[in-house]
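Engineer: Dropping the sequence and predicted coords here.
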Amino acid sequence: MRNKLFAVLLGLGLASASPAYAVTEIQLWHAFTSTNNDQINLIAKEFNESQSEYKVVPVFKGGYADTMSAGIAAYRAHNAPDILQVFEVGTATMMAAKGAILPVYKLMQETGNRLDMSAFLPAVASYYSDQQGRPISMPFNSSTPVFYYNKEAFKKAGIDPNNPPKTWDDVAIDAAKIKGTGAATCAFTTAWDVWIQLETMSAWDNVQFATLDNGFGGLGAKLTFNNPTMVNHVALLGQMAKDGRFTYAGRTTEPEATFYSGNCAMLTTSSAAYGIIKAHAKFDFGVSELPYDAEAPGAPQNTIIGGASLWVFSGKSKEKYQGIAKFFQFLSSPKIQARWHQVTGYVPITKAGYELTKQEGYYEKNPGTDIAVKELLLKNPTKMSKGVRLGYMPQIRNVIDEELEAVWTGKKSAKAALDEAVQRGDALLRKFQRENR
Amino acid sequence: MAAEKRTYFPTGWLPYLLVAPQLAITLVFFMWPAGQAMWQSMLLQNAFGTNVQFVWFDNFKELFADPRYLASFRTTAEFSLLVAVSGIGVGLLLAACCDYVLRGAKLYQTLVIWPYAVAPAVAAVLWSFIFAPSLGLATYLLKAWFGYDWNYLLYSGQAMTLVVIASTWRQISYNFLFFLAGLQSIPRSLTEAAAIDGAGPVKRFATIVFPLLSPTTFFLLVVNVVYAFFETFGVIDASTQGGPIEATQILVYKVYRDGFQGLDLSGSAAQSVVLMAIVISLTVIQFRYIERRVQY
């Protein structure tokens, strides 16, 4: 009896253990929730079913910051995952970690695979590439800020609902009309104020955010966003906050609720918020291009991305790297990208994904969903509009947020706040430079 | 004090054996991490630890030269004082009322103790939903009834009020329990004698009950300050996240924000060493000065 049981157990053990010999498991740590989480699981499932050698296992690790900390802690404990999703503000930290990371271009070289970077949207590819234009991490979920407006509130205020504001001066004028007619209790609000109002607006107006190509050129970069264009922009928003045309509702996604509840008539937020706004808004709303500063020469330029990319840790086996390379190719295929774009609201990272979505007639059925890609593709990125890649970027964002809140409450002038933010941010940059000497 | 009895066990090794598990736990889970924090606070390193430099006390120098760190001390002191005083005040008031009523005391007791079962983070989520600037019920009512513009994400005073309420709410139950026990241990004969002499409930409370409760009050003061210092992290993380403009950035939260969100491990380690010094001094104060006066 005992022997029989033992044999059965042994058999079970072998049966469950045997596939592990053939299949190479690849751990992917990510920060996706709800729809996005379902999608990454679906992509992994399809990839795993498409071949029999590799198995990608997505593991949810909490928010962006938690996921990054978890990956770094695991690396320090010599137990790093194979692939780690890192938000765009963590990019400089990841790039500075020489030896811990296997750059994607090397991964492709070593495994004899190819990833055609010219197929990617330039604003996406350039952000995650080094100075020589070689990809360091694999671009993935990317979004960009767009302008949302309540068409019914526009009608009530006597503004043409098919002619949304183009410049920030237009926004200020329309906001006055909305407040004046009582079309909405709140005229304008913005989510992600640092990412949108400073980082993206700098690119959109084609002005410098930091020296050394916004930090792309090295660790010695100094912040320069206290330039006249940005000071004017923040001063305008500060003035609007003072007279009630701009309502501040939080640093990240909190303001989105004030828009889809119908309180605020205009909102700037990520293109990836389209799904949640569409699900909740009980009114007709429009999506349009981000307003720009009429006086900035060359504006509008192109917007920058937010979101995250996938990083590959060093010191893994050849089989794993082969599997990761194949997975990245699968991930960037037009079919996957087009579906990812349509379901999640993130932009397709390749031009082919965009073209396929166009052919499928998706944009005609969902007007406004192509604005984000159009903004990113508007012009070829300049040194000022590739994005911002600085060390300690999460803290720098906090610093700017704090200084901006002082402007919105009327405690500081735009100039004083941005000067102070530059000074505090530079101190963080110097620390980052010392740490990575 | 003088009549304390002492019992001696002659065996040499038994006491050591009995405390060994506790010692081992203390060494592994307290001393070792504390030592690591001290060591890390003197290093300058990047997030991955691929570049490590020994810099002596540079991290501390940088910390104390930062006016924002010093401001965080002030915020912490303000916050702890508000939490401790309002928590103790309300707890005492409720306990006194509960001790005074004759009917339904058990029901009141249960209801007041209830919030203590709610985790701080959950309490904060509840409160911040009620007071959310965009969707909150309280926000709506404040605007509709009083025309008051509530937005704790923008106004520092409101943010502080919210985190104090959310932190205190839960602590009131704890304070209530201790005060109720304290009140019930006061001999009835004292208050009854005062009542016969013509002292009303308020006078009896002020001149007899409150002075007799002072050991309990002292004890709760320390416990509440320690709670406000270290256990309110969840409240702040779930509601204001230290904002706006660092208005609710208490020391513990800053350690987390700089270390885990910002990945500035050296600066964060230096901050935790400073915090450790504060805990040690608070504990010393409690044991040396307050513990002696409390009569159990």
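Structural biologist: Here it is on my side, so go on.

Engineer: quick one: contacts of stretch B:142-152?
Structural biologist: By Cβ atoms under 8 Å, 6 or more residues apart in numbering or on different chains, the residues outside stretch B:142-152 that reach it are A:248-249, B:128, B:131, B:133, B:136, B:138-139, B:158-159, B:161-162, B:239-240, B:244. All C-beta atoms are positioned from the backbone trio N, CA, C, and that covers glycine.

Engineer: Distance-wise, check residue B:56 relative to chain A.
Structural biologist: 14 Å (Cβ to the nearest Cβ, to the nearest Å).

Engineer: Now do the contacts for the closest residue to that residue other than its chain neighbours.
Structural biologist: In this structure, residue B:56 finds its nearest non-sequential neighbour in residue B:42, 5.8 Å apart by Cβ to Cβ, 6 or more residues apart in numbering or on different chains. Going by Cβ under 8 Å, 6+ apart, residue B:42 touches B:54-57, B:59.

Engineer: out of the residues you listed, who has the most neighbours?
Structural biologist: residue B:59 (24 neighbours; other Cβ atoms under 10 Å in any protein chain shown).

Engineer: immediately after whichever strand or helix holds it, which helix or strand?
Structural biologist: According to DSSP states H and E, residue B:59 maps onto helix B:58-64. Note on helix B:58-64: by DSSP H and E, the next helix or strand toward the C-terminus is helix B:67-100.

Engineer: contact partners of the very next helix or strand once past that next one?
Structural biologist: Using DSSP H and E, the helix or strand that follows helix B:67-100 towards the C-terminus is helix B:105-113. For helix B:105-113, the surrounding residues in contact (Cβ under 8 Å, 6+ apart) are B:94, B:97-99, B:101, B:172-173, B:176-177, B:180.

Engineer: pretty sure residue A:274 contacts residue A:285?
Structural biologist: No - contact between residue A:274 and residue A:285 fails when scored by Cβ atoms under 8 Å: they sit 9.9 Å apart.

Engineer: mind giving me the domain split of chain A?
Structural biologist: Following automatic domain parsing, one finds the domains of chain A at A:24-143+A:305-365, A:145-303+A:391-435.

Engineer: okay, these in CSV with mean neighbour count and distance to chain B next?
Structural biologist: Below are those laid out as CSV (neighbours: other Cβ atoms under 10 Å in any protein chain shown; distance: least, Cβ to the nearest Cβ, whole Å):
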stretch, mean neighbour count, distance to chain B
domain A:24-143+A:305-365, 19, 4
domain A:145-303+A:391-435, 20, 4
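
Engineer: Low-confidence regions, the chain specifically.
Structural biologist: By default, I'm working from chain A. Residue ranges of chain A with pLDDT under 70: A:1-21.

Engineer: should've been chain B
Structural biologist: The model of chain B has pLDDT under 70 over residues B:1-5, B:9, B:290-296.

Engineer: for chain A, what are the nearby residues on it?
Structural biologist: Within reach of chain A by Cβ under 8 Å from any Cβ of the partner chain, chain B has these residues: B:44-51, B:53, B:132-135, B:151, B:153-155, B:243-246, B:257-258, B:260-264, B:266-267.

Engineer: Would you show me how to pick out the buried ones of these in PyMOL?
Structural biologist: Here is the PyMOL command that selects only those of those that count as buried (16 or more other Cβ atoms under 10 Å in any protein chain shown):
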select buried, chain B and resi 44+45+46+47+48+50+51+132+133+134+151+153+154+155+243+244+245+246+257+258+260+261+262+263+264+266+267
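
Engineer: Now residue A:319. Nearest residue, chain neighbours left out?
Structural biologist: Nearest residue to residue A:319 in three dimensions, chain neighbours excluded: residue A:24, at 4.5 Å (Cβ to Cβ, 6+ apart).

Engineer: so that neighbour touches residue A:324, yeah?
Structural biologist: No - using Cβ under 8 Å, residue A:24 is not in contact with residue A:324, being 9.6 Å away.

Engineer: Walking through the stretch 101-250 of chain A, point out its helices one by one.
Structural biologist: Ranges of helices in the stretch 101-250 of chain A, per DSSP state H, counting those that start in this stretch, are A:104-111, A:122-127, A:151-156, A:168-181, A:193, A:201-204, A:211-214, A:228-242.

Engineer: can I get those helices in CSV with distance to residue B:220?
Structural biologist: Putting the helices of the stretch 101-250 of chain A into CSV (distance: least, Cβ to Cβ, whole Å) gives the following:
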stretch, distance to residue B:220
helix A:104-111, 58
helix A:122-127, 54
helix A:151-156, 53
helix A:168-181, 50
helix A:193, 42
helix A:201-204, 51
helix A:211-214, 53
helix A:228-242, 42
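
Engineer: Which one, of those, ends up nearest to residue B:124?
Structural biologist: Nearest to residue B:124 among the helices of the stretch 101-250 of chain A is helix A:193 (23.2 Å), distances taken as Cβ to Cβ.

Engineer: The residue nearest to residue A:108 when sequence neighbours are not counted: what's it in contact with?
Structural biologist: Leaving aside its sequence neighbours, residue A:108 sits nearest to residue A:115 (Cβ to Cβ, 6+ apart; 5.1 Å). The contact partners of residue A:115, by Cβ under 8 Å, 6+ apart, come to A:104-105, A:108, A:135, A:138, A:325, A:328-329, A:332.
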